[in-house]
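Visitor: below are the sequence and a predicted model; questions follow.
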Amino acid sequence: MLRLERLERPEEISGPSAAEFGELGHQILNGVYQILIDQGAFDGKPAPTSLDETLAAVAQRVLGEYERNNPVGYALTWDNLKERLTQLLRQVIGRDLEELSAAGFKPVSLETETTDRLAMDWPVPSKGMTIRGRMDRIDHDPATNRLRVIDYKFKLGANPATADKNLYRAALRGERLQPPFYCLLGRRWADDHNRKSADQQVEAKFYYLAPRWSDGPLVAAEFGADGLSGDLGAAVKNTIAFLTDGIRQGRFFIQRGEHCQHCEVAEICRKNHPPSLWRAENDPVTRPHRELRGKDPKKL
């Protein structure tokens, strides 16, 4: 309301933040896959340059542009970060290309912005609501006419968060709403590009780029088309409708969690003030929101 923003002091910036690290990775991945698509690499055509050469050229361009426009801290630290990021992406792309070949998918669209409306059979007040999103990558399997939406998630921690492990449960609890929305936006994209058929399935997949995870550096989590059908689909839609209603009613109360570290107003939140926290946790209006955290697809 006051249009306040975080105060950043350039002299205290020692290099890219975790968010900027992820954004640089996104740009490099997008550049590499766009070149592979343009060269026809996914259609069986021989590539004029090796994958390592392509990755090196794109990384040099993206990282060089960032360096020219942002403080990067000590030169040795910056060089080390560039090498770590390039090495991570080299491993991830190698594994991804193997999976694409084995599964029969091929990338057909990158950084795709799409808009859609929730169907009128959704619960009130979410029905008819406009949703927008940018999909990192859309893959298509021509043999089975399947589509999947790929979203890259850079994870620098040592272990995955609970919500990262099961996207069905995370959507049901309102912790990760991107997967169901990506499924819907993927269907919209298919309609717009004449790829829709009666038996087509659209799924969403998170690709965690996690060099410190035990099963890293590339870990996939899936939210299939069944996540929006049957009892689970009805429950996920009810969760989205419930949160939509809360936003429209102005129910913005303290509810501590992993999201706090990404909140834009964390500095002025009274989440660490015991009386304020007690009131928020004992208000009957907030109880249904807290109960979302106990929902489990297995119990439906």
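Guide: Great, that's in hand. Numbers count the residues shown, from 1 in each chain.

Visitor: next SSE downstream of the longest helix anywhere in the chain?
Guide: Using DSSP state H to define each element, the chain has its longest helix at helix 75-103. From helix 75-103 onward toward the C-terminus, using DSSP states H and E, the following helix or strand is strand 106-117.

Visitor: CA-only coordinates of that following strand in CSV, if you can.
Guide: The C-alpha trace of strand 106-117 is given here as CSV (Å, rounded to 0.1, in the frame of the first residue of the first chain):
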residue,chain,number,x,y,z
LYS,A,106,11.0,-33.0,-27.9
PRO,A,107,10.9,-29.3,-26.9
VAL,A,108,8.6,-27.3,-29.1
SER,A,109,8.3,-23.9,-27.3
LEU,A,110,10.4,-21.9,-24.9
GLU,A,111,9.5,-19.1,-22.5
THR,A,112,5.9,-19.2,-23.6
GLU,A,113,3.4,-16.7,-22.1
THR,A,114,-0.2,-17.8,-22.1
THR,A,115,-3.5,-16.5,-20.7
ASP,A,116,-6.6,-18.5,-20.0
ARG,A,117,-9.7,-18.5,-17.9
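
Visitor: ok, and what's touching the following helix or strand past that strand?
Guide: Along the chain past strand 106-117, the next helix or strand (assigned with DSSP H and E) turns out to be strand 130-141. The contact list for strand 130-141 (CB atoms under 8 Å, 6 or more residues apart in numbering) reads 26, 29-30, 33, 100, 103-118, 146-152, 178, 181-182, 184-186, 189, 195. C-beta: built from backbone N, CA, C; applies to glycine.

Visitor: where does the residue positioned nearest the centre of the chain sit: helix, strand or coil?
Guide: In the chain, the centroid-proximal residue (CA atoms, centre = their mean) is residue 151; its distance is 4.6 Å. Recorded secondary structure, residue 151: strand (DSSP: H, G, I helix; E, B strand; the rest coil).

Visitor: quick one: the helices in the chain, in order.
Guide: Secondary structure of the chain (DSSP H): helices at 18-38, 51-69, 75-103, 162-165, 167-172, 178-192, 230-248, 274-282, 287-291.

Visitor: tell me what the last one is packed against?
Guide: Based on contacts counted as 3 or more CB pairs under 8 Å, 6 or more residues apart in numbering; DSSP states H and E, there is no element that helix 287-291 packs against.

Visitor: and residue 143, how many neighbours does it have?
Guide: Look at residue 143: counted by other CB atoms under 10 Å, it has 8 neighbours.

Visitor: ok, what's across the strand from the residue nearest to the centre of the chain?
Guide: Assessed by DSSP bridges, residue 151 has beta-bridge partners residue 206.

Visitor: of all the helices of the chain, which lies closest to residue 156?
Guide: Residue 156 lies closest to helix 18-38 among those, at 5.7 Å (CB to CB).

Visitor: just the buried ones from the contacts of strand 130-141?
Guide: Restricting these to buried positions leaves 26, 29-30, 33, 105-110, 112, 114, 116, 118, 146-152, 178, 181-182, 184-186, 189, 195, with burial counted as 16 or more other CB atoms under 10 Å.

Visitor: tell me where the model's unsure across the stretch 151-300 of the chain.
Guide: Within the stretch 151-300 of the chain, the segments meeting pLDDT under 70 span 196-200.

Visitor: how about 80 then?
Guide: Residue ranges of the stretch 151-300 of the chain with pLDDT under 80: 194-201, 258, 261-262, 264-267.

Visitor: which residues touch stretch 72-82?
Guide: Under CB under 8 Å, 6+ apart, the answer for stretch 72-82 is 13, 14, 15, 16, 21, 59, 63, 66, 67.
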